[in-house]
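Novice: Need coordinates for the below:
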Amino acid sequence: MIKNNNAAKPLPTEKAKKEKKKLFHVEKRFNMALWQSVLVRFGFILVAVFFGLLVLTMAYSKINPFVSFGNLFIGAFGSLDKFLEFLRDSALLLGVGLALIPAFKMKFWNLGGNGQILAGALVCVMLMVELGGTMPDFVIVIISLVAAIIAGAIWAAIPAIFKAFFNTNESLFTLMMNYIAAGLVGIYIYWRFPDESSIVPAQTHGRLPILFNSNVLIILLVATTFVGLFLYLKYSKHGYELSVVGESINTARYVGINSKKVIIRTLILSGAICGFVGFLIASGIDFSITKETTHRGMGFTAIMAVWLAKFNPIISIGTAMFITFITKGMSQVQMSNSRYITDDSATNIVMGLIFLFVIASEFLVEYKIMYNKNGKETDIFEIIGNFFKKVFGPVGRFLKKVFVPVGRFFKKVFTAVGRFFKKVFVAVVRFFKKLFRIKDKPEKKPVKDAIDSFDEDSIEDSEPEKSPSKKATSGKKKSQKEGK
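Specialist: Next up is the predicted model:
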């Protein structure tokens, strides 16, 4: 007898299905509450700081991790000048992030932020050098501002044009533009200042005006840029078009949007903001330019800031401040332990660990790791939560028993004190009324008493005579007409 190999095989039983399931697997998370996501991120940040300082202590045994933790805050908030510098650097990083958000929302991966910053700073420094002393400083500032914005826009428009018309790889193109911009800076320094090694001497003309402090005006200018870009993305037609192009170019074409025009226009805006940041650095902070340090690596750091913020401008404020806080804090840790830490390698390792943990927290917010035990799947977070509940549950119950009576006692005490002060205040008010002979206003009678006080006969006498009805007047008018 010939066997039929194509015969339908029996479906696997439920037991076989359970056996095939993996011990751990990842699923998309849809129902995490806001407070839970905030708690996860904050917890991972604390764990990251702990592990970072632990690594630092292991590398340098004489470093106290608790002192280093305090230095994290001293580096950013140790004094008014440090705090303003922290706000300034956060604003600059936010400015570069604002430049990248429109491009990233359009799925144009602009990795050329450093080059666009250098282009704006280079043009600004060139004008400061060439025009310094020949015209008033405020005129040089205005010309430098416009020129830096145009330079940054052009530097971003070049890869945008190639992307729109030839579909080139924007990531590689913008990345290569960074090296070209750095090369142009080196050529200018070598040509204009051959005696200097790799930096333009600090310029005294064409500097940004000082408003109370050298950092305040920069913060205000970036804040103004933030408001303008937020309104542009949320309420303008162009902001809607770039989001449609980011979702699908075919959909944009179907609804009549010129995708090539949107790509070029958006990258011009992105490069213009980066050029503006380059102007702020050259004219308001450094008054010079180098190809290594002027951009401060913000073109890449801002990518992490806006990615953590899910390309939301408002959330980007917090992520930019967090990254700046870690950077400033680790610089202070390195400075405080300069006897042991001779370079920035250890601090970079710590910062890398912190950023790694932050990225891991984002993964756990978006996805959940399911644990399969005897066919029953459980979220890892639930297992951890149950563990802490068992550990800290008795402690919580004990504290509840202790603090609830204490809370009731203080409630009674403060209620009695409040009543006492109320009586004292009323007595003082009455004393001053008698002293200055202030009479109380007569109390208003209730509506019912006022109605009962009226005499019904007087109301009837005072009623006005009723005017003749419309029918009577119309009848009189008809009789008058007939008589005529």
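
Novice: can you tell me which residues contact residue 266?
Specialist: Applying Cβ atoms under 8 Å, 6 or more residues apart in numbering to residue 266 gives the contacts 102-103, 106, 108, 160, 238, 242. All C-beta atoms are positioned from the backbone trio N, CA, C, and that covers glycine.

Novice: of all those residues, which comes closest to residue 360?
Specialist: residue 103 (26.1 Å; Cβ to Cβ).

Novice: And that closest one, how close does it get to residue 318?
Specialist: 21 Å (Cβ to Cβ, to the nearest Å).

Novice: quick one: buried residues of the longest strand along the chain?
Specialist: For the chain, the strand reaching the highest residue count under DSSP state E is reported as strand 367-373. The neighbour-count check on strand 367-373 (16 or more other Cβ atoms under 10 Å) flags 368-370 as buried.

Novice: Let me see the ranges of the helices in the stretch 151-300 of the chain.
Specialist: Counting by DSSP state H, counting those that start in this stretch, the stretch 151-300 of the chain has these helices, from start to end: 170-192, 216-235, 237-247, 249-254, 259-281, 298-308.

Novice: ok, back up a step: between residue 103 and residue 318, which one's more packed in?
Specialist: Here residue 103 and residue 318 are set side by side on neighbour count (other Cβ atoms under 10 Å), and the busier one is residue 103, at 28 against 15.

Novice: What separation is there between the more buried one and residue 27?
Specialist: Separation of residue 103 from residue 27 (Cβ to Cβ): 32 Å.

Novice: Then residue 361?
Specialist: Residue 361 sits 17 Å away from residue 27, going by Cβ to Cβ.

Novice: Of these two, which one has the most company?
Specialist: It is residue 361, of residue 361 and residue 27, that has more neighbours when counted by other Cβ under 10 Å, with 20 against 11.

Novice: Touching, the more buried one and residue 38? I think so.
Specialist: No: with contacts defined as Cβ atoms under 8 Å, residue 361 does not count as touching residue 38, sitting 10.4 Å away.

Novice: Can you find the helix or strand of the protein with the lowest average pLDDT?
Specialist: The element with the least model confidence among the helices and strands of the chain, by mean pLDDT, DSSP states H and E, is helix 456-461, at a mean of 47.

Novice: Would you indicate which residues of whichever strand or helix holds residue 142 are buried?
Specialist: Taking DSSP states H and E as the definition, residue 142 sits inside helix 137-166. Within helix 137-166, the residues that qualify as buried by neighbour count (16+ other Cβ under 10 Å) are 137, 140-141, 143-145, 147-160, 163-164.

Novice: now do stretch 62-80
Specialist: With burial defined by 16+ other Cβ under 10 Å, the residues of stretch 62-80 counted as buried are 63, 65, 68, 70-72, 74-76, 78.

Novice: and these as a markdown table, adding distance to residue 85 and pLDDT?
Specialist: As requested, those are arranged in a markdown table below (distance: Cβ to Cβ, whole Å; pLDDT from 0 to 100):
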| residue | distance to residue 85 | pLDDT |
| --- | --- | --- |
| 63 | 24 | 78 |
| 65 | 25 | 78 |
| 68 | 20 | 81 |
| 70 | 19 | 86 |
| 71 | 16 | 84 |
| 72 | 15 | 84 |
| 74 | 13 | 90 |
| 75 | 10 | 86 |
| 76 | 9 | 85 |
| 78 | 10 | 85 |
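
Novice: Among those residues, find me the one that's closest to residue 279.
Specialist: Using Cβ to Cβ, the shortest approach to residue 279 within the buried residues of stretch 62-80 belongs to residue 76, at 25.2 Å.

Novice: Go ahead and confirm the closest one touches residue 83.
Specialist: Yes: counting by Cβ under 8 Å, residue 76 touches residue 83, with 7.1 Å between them.

Novice: What is the longest helix along the chain packed up against?
Specialist: With residue count as the measure and DSSP state H as the assignment, the chain has helix 380-435 as its longest helix. Counting contacts by 3 or more Cβ pairs under 8 Å, 6 or more residues apart in numbering; DSSP states H and E, the secondary-structure elements packed against helix 380-435 are strand 367-373.

Novice: ok, the strand it packs on: who's next to it in the sheet?
Specialist: The partner list of strand 367-373 in its sheet, established with DSSP bridges, is strand 24-28 (antiparallel), strand 376-379 (antiparallel).

Novice: Deepest-packed of the ones you listed, please.
Specialist: Ranked by mean neighbour count, the strands paired with strand 367-373 are led by strand 376-379 with a mean of 12 (mean count of other Cβ atoms under 10 Å).

Novice: Would you tell me which of the strands paired with strand 367-373 gets closest to residue 274?
Specialist: Ranking the strands paired with strand 367-373 by their distance to residue 274 (criterion: Cβ to Cβ) puts strand 24-28 first, at 34.7 Å.

Novice: Also compute the angle for that closest one relative to helix 380-435, please.
Specialist: Put simply, strand 24-28 runs at 50 degrees to helix 380-435, going by axes from the mean of the first three to the mean of the last three Cα atoms, to 10 degrees.

Novice: Kindly format the C-alpha coordinates of strand 24-28 as CSV.
Specialist: What follows is the C-alpha trace of strand 24-28 in CSV, where atoms were taken according to Å, rounded to 0.1, in the frame of the first residue of the first chain:
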residue,chain,number,x,y,z
PHE,A,24,11.7,34.4,28.0
HIS,A,25,10.3,36.4,25.1
VAL,A,26,9.7,40.0,24.3
GLU,A,27,6.4,41.6,23.6
LYS,A,28,5.2,45.1,22.7
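
Novice: Let's test this: mean pLDDT of it, rounded?
Specialist: Per-residue pLDDT over strand 24-28 has a mean of 75.

Novice: And for stretch 190-200?
Specialist: Stretch 190-200 comes out with an average pLDDT of 80.

Novice: Mind listing residues that contact that stretch?
Specialist: Counting by Cβ under 8 Å, 6+ apart, the neighbours of stretch 190-200 from elsewhere in the structure are 125, 129, 186, 189, 201, 288-292.

Novice: Repeat the analysis, applying 10 Å as the threshold.
Specialist: Contact partners of stretch 190-200, identified using Cβ atoms under 10 Å, 6 or more residues apart in numbering, comprise 122, 125-126, 128-130, 185-186, 188-189, 201, 282, 286-294.

Novice: Going by neighbour count, which residues of stretch 170-184 are buried?
Specialist: 170, 173-175, 177-178, 181-182, 184.

Novice: now do stretch 224-240
Specialist: Buried residues in stretch 224-240, counting neighbours by 16+ other Cβ under 10 Å, are found at 225-226, 229-230, 232-233, 239.

Novice: When you compare pLDDT across these, which one is lowest?
Specialist: Taken together, these show their lowest pLDDT at residue 239, with 87.
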